[in-house]
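Colleague: Let me see the structure of the following:
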Amino acid sequence: MLPRLTPKQRQRANALIKRLCANYDNGNCLSLDDGEPCICVQSISYSVLCKYFRKAVLPAEPLLEAAILGTRFEKCVSCGAPIIKKGNRKKYCEKCAQRAYKAQQAEYARRKRAESKNRR
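Modeller: Numbering: from 1, shown residues only. Reported below is the predicted structural model:
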């Protein structure tokens, strides 16, 4: 069963298509083009029909993706940005995950240095 879009979701999806879709060219879909212009089916439909839209364009808007596809989304523990959880362990967005990893590594190194000083 194909996910249905509300009018507001469709409006946001069309803005995404115009801005990010590599197959979109002035209302025409380049992947369906066989020499004659073919209207982009995703831009005129209230269903999610295009696989390229689902895999490449829609992930740019995590909240819209979660609302349309019904996936779970949470907020980043550190900055509050929306993240899509595909498992139980993810709690940071990509940027905050890198910062948290570096902070954990630095803390680990500090503890190791402190332990080596105490042994002497």
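
Colleague: Where does the prediction get shaky in this structure?
Modeller: The chain contains residues with pLDDT under 70 at 33, 35, 120.

Colleague: in the longest helix along it, what's buried?
Modeller: As assigned by DSSP state H, the longest helix anywhere in the chain is helix 94-119. When neighbours are counted by 16 or more other CB atoms under 10 Å, the buried residues of helix 94-119 are found to be residue 96. Just so you know, the C-beta spots here come from the backbone N, C-alpha and C atoms, and that holds for glycine as well.

Colleague: Please name the nearest non-neighbouring residue to the spatially most central residue of the chain.
Modeller: Residue closest to the average C-alpha location in the chain (CA atoms, centre = their mean): residue 59, at 3.1 Å. In space, and not counting its chain neighbours, residue 59 is closest to residue 65: 5.9 Å by CB to CB, 6 or more residues apart in numbering.

Colleague: measure that neighbour to residue 72 for me?
Modeller: Residue 65 is 11 Å from residue 72, where distance means CB to CB, to the nearest Å.

Colleague: Would you mind grabbing the residues shared as contacts by those two?
Modeller: residue 84 (CB atoms under 8 Å, 6 or more residues apart in numbering).

Colleague: who's more crowded, these two?
Modeller: A direct count of neighbours by other CB atoms under 10 Å for residue 65 and residue 72 places residue 65 higher, at 21 against 11.
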